[in-house]
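S.K.: Sequence isn't available, so here's the structure alone:
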């Protein structure tokens, strides 16, 4: 699809960047394409490549491919309606990433899950809780699991997610945004990675 777009834009010289070492080496002809399902794609690639004055395939590691990740995120956010015209994008590269993480602190200084944890441990409600508030604590408590002092939430596929307090949440967010957990990626994958950081 990318090569067809370049042809329609009347490009004559092209550099193709890909984050799959296998596919780039196959496109370069360094490695053989053996999968029967891919042979037709390889032939199509060779036919399209002949329409350029020069074409070069380069491997780029995924963690160096932040622009592609950003464009993929943008593509997921914007619906494309068939033949609708899309204005060209002007992209400016910043020296550092911008991010904002807002984590609210509970007024009483306790973590958000404090009442659920206490209910699981002692079957007690907060002193001034009315009927609705007690029900609000009791109902979700069925989805939580207490192991020692650590509270986990059960997911629909029966995995456990560790509940974290404000300080732990800030530490996780800082690690993710400083790329300790790997490179930046689109929003959905980044959220899954944060969940995996507290997933047991």
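M.R.: Arrived safely, thanks for sending. Quantities reported herein were computed from a predicted structural model and do not represent experimental measurements.
S.K.: any idea how far the closest residue to residue 4 other than its chain neighbours is from residue 7?
M.R.: Distances taken as CB to CB, 6 or more residues apart in numbering place residue 48 nearest to residue 4, at 6.9 Å, with adjacent residues excluded. Every C-beta, even on glycine, is put in place using the N, C-alpha and C of the backbone. As for residue 48, its distance to residue 7 is 7 Å (criterion: CB to CB, to the nearest Å).
S.K.: all helices for the chain, in order.
M.R.: 2-8, 21-28, 36-49, 66-77, 114-122, 131-141, 166-177, 187-197 (DSSP state H).
S.K.: closest to residue 157 out of those?
M.R.: helix 187-197 (12.2 Å; CB to CB).
S.K.: what's the burial count for residue 154?
M.R.: By other CB atoms under 10 Å, 13 other residues sit near residue 154.
S.K.: Show the contacting residues for it.
M.R.: 143-145, 160 (CB atoms under 8 Å, 6 or more residues apart in numbering).
S.K.: Tell me the buried residues within these.
M.R.: Buried by 16 or more other CB atoms under 10 Å: 144, 160, out of the contacts of residue 154.
S.K.: which of the contacts of residue 154 lies closest to residue 83?
M.R.: Nearest to residue 83 among these, with distances taken as CB to CB, is residue 143, at 46.2 Å.
S.K.: Nearest residue to the closest one in space, please, no chain neighbours.
M.R.: Per CB to CB, 6+ apart, closest to residue 143 is residue 154, 5.3 Å.
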